[in-house]
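Student: return a 3D structure for these sequence lines:
(one chain, ligands or ions: 2)
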Amino acid sequence: MAWCLNQHMLSSVIIAVSVLLCLLSNHSSIAEKLPRFEHHLKPQQQSLNFLVVGDWGRKGNYNQSLVAHQMGIVGKNLNIEFVVSTGDNFYDDGLKGVDDPAFYESFVDIYTAPSLQQIWYNVLGNHDYRGDVEAQLSPILRQKDNRWVCLRSFILDTDNVEFFFVDTTPFVEEYFTDPGKHTYDWKGVLPLESYRAELLKEVDSALVQSTAKWKIVVAHHPIKSAGPHGNTQELEEQLLPILKSNNVDAYINGHDHCLEHIIDKESGIHFFTSGGGSKTWGGDIKPWDPKELKLYHDGQGFVSMQISKTNASIVFYDVFGKVLHTWSMSKKLKEAA
Ligand SMILES: *[C@@H]1O[C@H](CO)[C@@H](O)[C@H](O)[C@H]1NC(C)=O
Ligand SMILES: *[C@@H]1O[C@H](CO)[C@@H](O)[C@H](O)[C@H]1NC(C)=O
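Tutor: Numbering: from 1, shown residues only. Ligands and ions are numbered 1, 2, ... in the order given. You can find the predicted model right below:
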């Protein structure tokens, strides 16, 4: 099932999908078939151009506003189609409700550049789960700002790339066994075992059925990272095999507050961390095979991607908009290899 969307139609469809999900979630805790969105390129556009930012919502503090400013400049130069957010959208504890002013203070009033007035496809991070999750998923937010699209897990089909957004917070055991002083809003994901199993099954079957040239999985938690959080063992065990068996090109995540590019020697999968939307760690990097680790930037910034049918170009920018690292990939070369 697919809906064909343009900017004008999207609003009502998103609301319909969200209402549907809301109804389903009240009747069943088991993840239903993943909602699917379609996004077609602007006329004359050969490549799908978009930005990726993560771990950002701090009311402009910790240089969130500076990163936003540079995103606006790069977004204009690339004439971007949309923004992908890798989660931790609102610090410290998600949104308190649909009327939480943080939605304006950390999103609407921060990403004001004209080029950023495109759809934002968001997943949830662990900090978002510390607030009212249903509020962040609510279509009411879209009425406040029509850029906002946030679902737990979904598929985004574009002309050149198919994206699989996966809700990874419920996979991390530590949040359940050792939550410390934090409380998480697990409504809608219990019982856990079936939520996880269903979601993995849905992601796997969507990947198996995909005929897209480029397949990219987006989530909050890293599978491979040299940052302080590092690899998420649960995902290495449960999600990575699915990425490998389906020839996924790239996995994009946040959670570690840095910019990072790892190429897995064994599978060739690219692991891109874009978690530099605001506060960063400051010097804490684990040793990693330099043949795999192409970039580790312990500071703020974001990533742009331009993906045509055959070529992908990925660029990492720091808080000044300075290019830190670029990477190009070509489909034909990869297939011939
Ligand atoms: C913000 O960025 C500036 C560089 O423009 C840097 O010197 C400063 O440490 C950053 N502040 C924070 C809180 O990260
Ligand atoms: C795509 O990449 C190939 C191989 O690197 C290169 O020869 C070609 O010019 C590129 N095409 C475009 C449109 O950038």
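
Student: for the stretch 51-200 of the chain, give the residue positioned nearest to ligand 1.
Tutor: Proximity of the stretch 51-200 of the chain to ligand 1 (CB to the nearest ligand atom) peaks at residue 63, 3.7 Å away. Every residue, glycine included, has its C-beta placed from N, CA and C.

Student: need the contact list for that residue.
Tutor: 278, 300, 319 (CB atoms under 8 Å, 6 or more residues apart in numbering).

Student: the second one against residue 69, yeah?
Tutor: This means residue 300. No: using CB atoms under 8 Å, residue 300 is not in contact with residue 69; the gap is 11.4 Å.

Student: which one's more surrounded, the two?
Tutor: residue 300 (27 against 17; other CB atoms under 10 Å).

Student: if we can go back for a sec, what's the spacing between the residue of the stretch 51-200 of the chain closest to ligand 1 and residue 69?
Tutor: Going from residue 63 to residue 69 by CB to CB, to the nearest Å gives 10 Å.

Student: can you tell me the residue of the stretch 1-150 of the chain closest to ligand 2?
Tutor: In the stretch 1-150 of the chain, the residue that lies nearest ligand 2 is residue 46 (7.6 Å; CB to the nearest ligand atom).

Student: which pLDDT value belongs to the residue lying closest to that residue once chain neighbours are set aside?
Tutor: Of all residues not flanking residue 46 in the chain, residue 308 sits nearest, at 5.3 Å (CB to CB, 6 or more residues apart in numbering). Listed pLDDT for residue 308 reads 95.

Student: how many residues are close by residue 88?
Tutor: By the measure other CB under 10 Å, the count of residues near residue 88 is 29.

Student: and if you look at residue 212?
Tutor: The number of residues packed near residue 212 is 16, by other CB under 10 Å.

Student: next, it: secondary structure please.
Tutor: The assignment at residue 212 comes out as coil when based on DSSP: H, G, I helix; E, B strand; the rest coil.

Student: wait, it sits on residue 161?
Tutor: Yes: using CB under 8 Å, residue 212 makes contact with residue 161 at a distance of 6.3 Å.

Student: next one: phi and psi at residue 163?
Tutor: When read as degrees, to the nearest 10, the backbone of residue 163 gives phi -110, psi 140.
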